[in-house]
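Enquirer: Please find the sequence and the predicted model below.
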Amino acid sequence: MVAHAEIRVVHLGGSKINFREPVITNDSRFLLCASGESVKVYSSSSEECVHDLQGHTDLVSGIVRNPSNHLQVYSCSADGTVRLWDFTDGILIKTFIIGYPIYSIYVSENHGGVVFVVVPMANDKSSELFQLVAVHLPLSGDQEVEARELSAVLCDVSPSGAASFGRKGEYIAAVKGLQLEVFFFKNQKSHRFFLKPGNKKGAKNAFTCVSCHPKEDCIATGHEDGKIRLWRNFNQKKEYTYSTLHWHHGAVNTLQFTPEGTNLLSGGIESVLVQWHYTQENQKDFLPRLGGAITHIAVSPDGSLFCTSHSDNKITIIQSCVKVSAIIQGLVKGEGVRTDLTIDPRSKALVLNGKPGHLQFYSLHRDKLLYNLDIVQQEYIHEEGLDQFEVVKAAFDTRGDWLATVEERTQKGSELEINLKLWAYDEQTQSFMLNTTVTAPHEDQIIAMCFSPSPEITMLVTISFDGHFKAWLLADHSDTKEGASWSCDFVGGYHHLKPGCCCFSADGSLLAVGFQEVVTVWSPSWELLTTLSQPPGAIRELCFGRLSCSKYLLGTSTKNQLCCWNLLTCSLEWSTPVDVSLLQADPLSENMAAFCSQSGCSDLFVFKPGEPRPLYSQKALCTGKVQRAVFAPRDQMLESCEEHAQWLNRSQLYFLTQHMDLMTFSTKTEEDRLLASSKLLMVDDSVAVTPFYLLLGKHRQQQEALTNPMAERIQLPQGSIAIKELLYTPAHVLPSASFLCSMFVRSLLISSSSASEEKEPVEEEMESEEEDSEGEAELRDARQDLGGSAAWGPGEELGAPALTKAQERELRRVKHFDHSWLSSVLEC
Amino acid sequence: MASFKSTKIPIYPKLGEKVTPDTLYWKNYKAPVQIKEFGAVTSIDFSSLAPHNYAVTASTRIHIYGPFSTEPVKTFTRFKDTAYSGKFRSDGQLLVAGCEDSVVRLFDVSGKVALRVFKGHTKGVHVTDFTSDCYHILTGSDDYTCRLWDIPNSTELTSYKEHTDYIRCGTTSKLNRDIFITGSYDHTLRVFDARVEKSVMTMDHSQPVESVLLYPSEGLLVSAGGRYVKVWDLLKGGQPLVSLKNHHKTVTCLSLSSNGQRLLSASLDRHVKIYNTTNYKVVHNFDYAASILSLALAPDDESIVVGMTNGVLSIKHRKSPEEKREMVGKQRMQPVYRIFVKGRNYVPKKDDFLVSKPVKSHLAKYDKQLKKFNISKALDTALESWRRNRKPEITVAVMKELDRRGTLKNALAGRDEQNLSQLLNFLIGNVVDPRFTPVLVTATEMILDIYQAVVGQSSVVDRQLVRLQELVEREVDYQQDLLEVLGMLDTLFATSLPRKECFSVFDGTSSDFENP
């Protein structure tokens, strides 16, 4: 394992950014959101990630602005710490160790030095009950402070997003289940209000969210049946009142008052941002079709900017409830990646199904979503329990000119709807355009499809549960108006068996289709060339070898076998009893990656089909089964000479674990390079780092460098007393001009000590090896300037030359040593 | 904020021919002008002189028509019997015609009486033509001979008696005055050289030859006979190049389009087929009312003239560009709702600050309703009479969309008698259309579920329900029959295929139809 320590399995971005409510800074320039184990700072105008605040060791579970300093935020995490950050510079200021996993954080302006966090009741994580505690943050200069001064405020609260501070921080309202609890800090009393379960006619009265009016005593609560209740007069136990607003047809996910309290914003599964006018509740504005279901709403402190986070890992920034000004989109992972992970040959982006009915193109290099391609092209109805079209398969041809997608809709009691769509890449729009739609290409679900890699022919093969495989050919109707379109060329089957997988050889001359236990090999003219079989166990995956190993065909079967057939002799070359759950071929080399699942863990083997020993193996890669994997080509080849890391030179292996985490393998050399490049890219933090900025910023820096020396030279010693005297004393008390002149001119002259400073850069250039001593001299000069005539100890004065002498000695010694080493080499 | 995505109306593949440049070209003709002749029109020939008159040989006369006249500008009636093969000389001054009475007559186009009369054949003369030097005439006759005549002396020059059956077609070379080709019912094509005593080339068409045609380059020869059109390479000694079998009755006439890129063949099966001469594929097809005997194209394809067995002469003129433009202009005028056009043609100047207006997308009526979740209204708009009659696919698409939203049942419910009968009418009209069946069957089932209780209350609805039931039962029977046929075909294929381990499956399109 020591040898393998250099290859690490690392988390790749694409973590959830909609986990908790985002925070907009006071000046509305930045947006902060919790993203996995870090806090991301986005520019609200350019959508670019400006900072990644890293430090937490577990999921970040909440961010709030520091009420006493608008340039700082608190973040809390399940690792039991609250951290204070300076987000403009991306610096961790303080860490408060609470000691319990924290699930949310609340602050109030009126409670200085106190943060309210939600921690489990019992100390173990498994506990289902949570409490809201006030933590007094100790004032200490240390970086890490233990905050042990906890006092319970509310018991039994929900872990996230269901508490809110009322007017001037006088009370806090929290909801859970069917109860609303209001805690008054003044008299340390809490009032509880209960609702009936409401079984009649689907009325589900359970609370989902709460928000307090910032200026008045009013609490708005959202409910599961889509109602919003406005509670008033709740400081009395009995005589409270509430009014009901109802527009949402699904549960109200989130509620938020605007800072002035004039509007109430609500959002739910309908993906419509509803703006209720406070006091005129029948007036409301809508902002429909924002994307996935709205999970959180945040408002900037000045009320000009709203942002909504959505269930499809997206944050939308809205300007004054009218216009969507920016969209920050993370990798959408949904419940499952039904399409395999694929790489777009053109953009080298990872392609998988994203938000409903779309394919997402995710740049792995920049960790950014490039764009979503609308596959289904239908209005998405945000309603629970509807069967919607889903993109289930996607495949690219080798040049990236064609994209094939399969969408599917299963409906209870009626037949399956399948559409096969073929998309042509359009150079002008730089996007894929729909070319052909085949409705019901097969009678049953399509299991797999692949494009022929052969350059002469554009062909797609689909296999389906109906027992057939079909070849689709691009027919060029150049004589007709419609242009090229796809049509079915061949329908094949084998003994009415259900096919399970298909694969083209690297040159497109062979097609292998696995029919349960039998592998059939077909020629492009649709002749069955041979059948291969290695019972027992149905063939799960097939993979042709590449380059020098192209004579091999690999197959994995359900009965724990990995077989390798030699296609020249049509016989089994070798087979091993491993339970391979996933087999992936690197398109740029001979290497194959096999993920095996054993006793709840996944192992990885990288091997060449022609060689008996694996190139690389890693046990216990991750818990659970690896769902999907793909080799992505690198844009720059690595030059790693270690034998076990060579397989990562040309392409990188990405995989999705059971928990939908996107992981990859990285080598040490690569990390070093990344670190170096990130240092290079250090720029002004206030400006978002865009490629455009990098391009232009460099130019500007150069210009600044050109103009700066001039500016320095022109700069007058303004601090000079003579000038001040001349300028500020009234003219009638000044002596004659002839007397003043000489004094004034003398004051403009540069003193001799600063003149030596001016010369210094020239010297530096001339003798760079003596930099140290020169630097020392500079220091000395500075001291002289500072202290003026202040006496310095002679010992200190002498210290510097002594040091240089020591250095000289060292240098001489090194020279000597070098020489001997060289001679020893020569002797050898 | 994404915009509303409108309901997608699937475009169903148009059955019939595809739109190609060829179809556009050949469809660009006006409605045919029909002229009734006295008998079957056996030959049509265009004059190469400017107004391009054409001679139509029918029964015992030859009519000469002007390019746009429906009345003959000239008529030759001095035939004792049926006239054949009226042909213009290349200068358009003379016309030659054969006759059933074995006499060949030469007319001046402006005169009435025959200038020359060539006697010598013993049977009807079906083929006449001028040689390229304009001084000789080629004739072919039912007496198995073909002869060359001298015009000035009206004497017979040579006679070839090589064919063993009627000579019914022939052509002279336009490049060489001595070479001519004849086709005969003895299945052969013969190439003669007037300077040689015998034929120089013989080709076997293996069918009675009805028509021959030389390419302008004269390297290729086309012959028609039986159901076949064959192309021969004369430069390779009469090697057969292609054999086309696109007609299902005897091909009677051949013609080349003016640029020589397309070959036309007319047949007794009432079709004219147009072939591409580079790959000999049929690119277009004309249908006529009766069996076609003769066909000719005016220079530059300005008109297509076809003569039929029932004596009808059909003339199609090409549409002039102005007319075409007029049509386009009319179409552009159609949307009249935008009257206010001020400033629409304003071109911004250089310094103008352009304020871009957000493009407003127009939604269809039903989409507007769908956007507002007004499901019943959306269905009502989709069921508007013109829409459900002209574009049932829109109605079906809206139904499908409602079904996808899970609200089709709500939209179908709560209708009165008139509305319901409208709906049922639509179903009766379209439920058996294989394109719409899957959606409409669900809709039908839902309607039956919803309106179960009111059956028997309205005679109109009841009648329609009975009709629907009958329709569905009939369709089920059809499907059953089709499946039986499919089964039979499968067994046939299975026996005819060589026994191999693999087999390809022919995709039978059988949609399961449930009885609602």
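Expert: Thanks, I have the structure now. The structure presented is a predicted model; accordingly, all values stated were derived computationally and were not measured.
Enquirer: Quick check: buried residues in stretch B:134-144?
Expert: B:136-144 (16 or more other CB atoms under 10 Å in any protein chain shown). (Glycine included, C-beta is placed from N, CA and C.)
Enquirer: could you dump those to TSV with pLDDT, secondary structure and distance to residue B:85?
Expert: Below are these laid out as TSV (pLDDT from 0 to 100; DSSP: H, G, I helix; E, B strand; the rest coil; distance: CB to CB, whole Å):
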residue	pLDDT	secondary structure	distance to residue B:85
B:136	92	strand	16
B:137	93	strand	11
B:138	93	strand	10
B:139	93	strand	9
B:140	92	strand	9
B:141	92	strand	11
B:142	92	coil	12
B:143	92	coil	15
B:144	91	coil	17
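Enquirer: between those, which is nearest residue B:455?
Expert: residue B:142 (76.8 Å; CB to CB).
Enquirer: Quick check: nearest residue in space to the closest one, chain neighbours excluded?
Expert: Setting aside the residues directly before and after it, residue B:142 is nearest to residue B:123 in space (CB to CB, 6 or more residues apart in numbering or on different chains), at 3.8 Å.
Enquirer: Could you give the average pLDDT over the lengthiest helix in chain B?
Expert: Under DSSP state H, the helix in chain B containing the largest number of residues is helix B:459-496. Helix B:459-496 shows a mean pLDDT of 92.
Enquirer: on that earlier part again, doesn't residue B:143 make contact with the residue nearest to residue B:142?
Expert: Yes. Between residue B:123 and residue B:143 there is a contact under CB atoms under 8 Å: 4.2 Å.
Enquirer: what residues do those two have in common as contacts?
Expert: residue B:102 (CB atoms under 8 Å, 6 or more residues apart in numbering or on different chains).
Enquirer: returning to what we had before: pretty sure the residue nearest to residue B:142 belongs to a strand, no?
Expert: No. Using DSSP: H, G, I helix; E, B strand; the rest coil, the assignment for residue B:123 is coil, not a strand.
Enquirer: Distance-wise, check it relative to residue B:102.
Expert: Distance, residue B:123 to residue B:102, by CB to CB, to the nearest Å: 6 Å.
Enquirer: okay, and the common contacts of those two?
Expert: With CB under 8 Å, 6+ apart, residue B:123 and residue B:102 have common neighbours B:141, B:143.
Enquirer: Between these two, tell me which one has more neighbours.
Expert: residue B:102 (20 against 14; other CB atoms under 10 Å in any protein chain shown).
Enquirer: Please report how far that one lies from chain A.
Expert: 49 Å (CB to the nearest CB, to the nearest Å).
Enquirer: That residue: which element?
Expert: Under DSSP states H and E, no helix or strand contains residue B:102.
Enquirer: Chain A contacts on the stretch 351-500 of chain B?
Expert: B:370, B:401, B:404-406, B:438, B:442, B:500 (CB under 8 Å from any CB of the partner chain).
Enquirer: Show me just the buried residues among the residues you listed.
Expert: Of these, these count as buried by 16+ other CB under 10 Å: B:370, B:401, B:404-405, B:438, B:442.
Enquirer: what two of those have the greatest distance between them?
Expert: Longest span within these, CB to CB: B:370 and B:438, 20.3 Å.
Enquirer: mind listing the strands for the stretch 301-450 of chain B?
Expert: B:303-308, B:312-317 (DSSP state E, counting those that start in this stretch).
Enquirer: what angle sits between the first one and strand B:312-317?
Expert: Strand B:303-308 and strand B:312-317 meet at an angle of 170 degrees, taking axes from the mean of the first three to the mean of the last three CA atoms, to 10 degrees as the criterion.
Enquirer: Pull up the residues of the stretch 201-350 of chain A that are close to chain B.
Expert: So the stretch 201-350 of chain A meets chain B at A:287-291, A:324 (CB under 8 Å from any CB).
Enquirer: So among those residues, where is pLDDT lowest?
Expert: residue A:291 (80).
Enquirer: Pretty sure that one sits in a strand.
Expert: No. Residue A:291: not assigned to a strand; according to three-state DSSP it is coil.
Enquirer: Just give the number of residues close to it.
Expert: Residue A:291: 26 neighbours (other CB under 10 Å).
Enquirer: and what of residue A:471?
Expert: Residue A:471, neighbours per other CB under 10 Å, totals 19.
Enquirer: One more: the one 5 residues further on?
Expert: Residue A:476 has 11 neighbours, counted by other CB under 10 Å.
Enquirer: Which residues are in contact with it?
Expert: Per CB under 8 Å, 6+ apart, neighbours of residue A:476: residue A:484.
Enquirer: And it, how close does it get to residue A:427?
Expert: 18 Å.
Enquirer: burial measure for residue B:162, as a count.
Expert: 17.
Enquirer: My read is that it contacts residue B:199, right?
Expert: Yes. Between residue B:162 and residue B:199 there is a contact under CB under 8 Å: 5.3 Å.
Enquirer: list residues touching both of the two?
Expert: residue B:190.
Enquirer: what residue ranges in the stretch 501-650 of chain A score low on pLDDT?
Expert: A:640-641 (pLDDT under 70).
Enquirer: Give me every residue in it lying close to chain B.
Expert: A:520, A:526-528, A:531.
Enquirer: ok, those vs chain B, which is closest?
Expert: Nearest to chain B among these is residue A:528, at 3.8 Å by CB to the nearest CB.
Enquirer: That closest one and residue A:518 touch, don't they?
Expert: No. Taking CB under 8 Å as the definition, residue A:528 is not a contact partner of residue A:518, at 10.7 Å.
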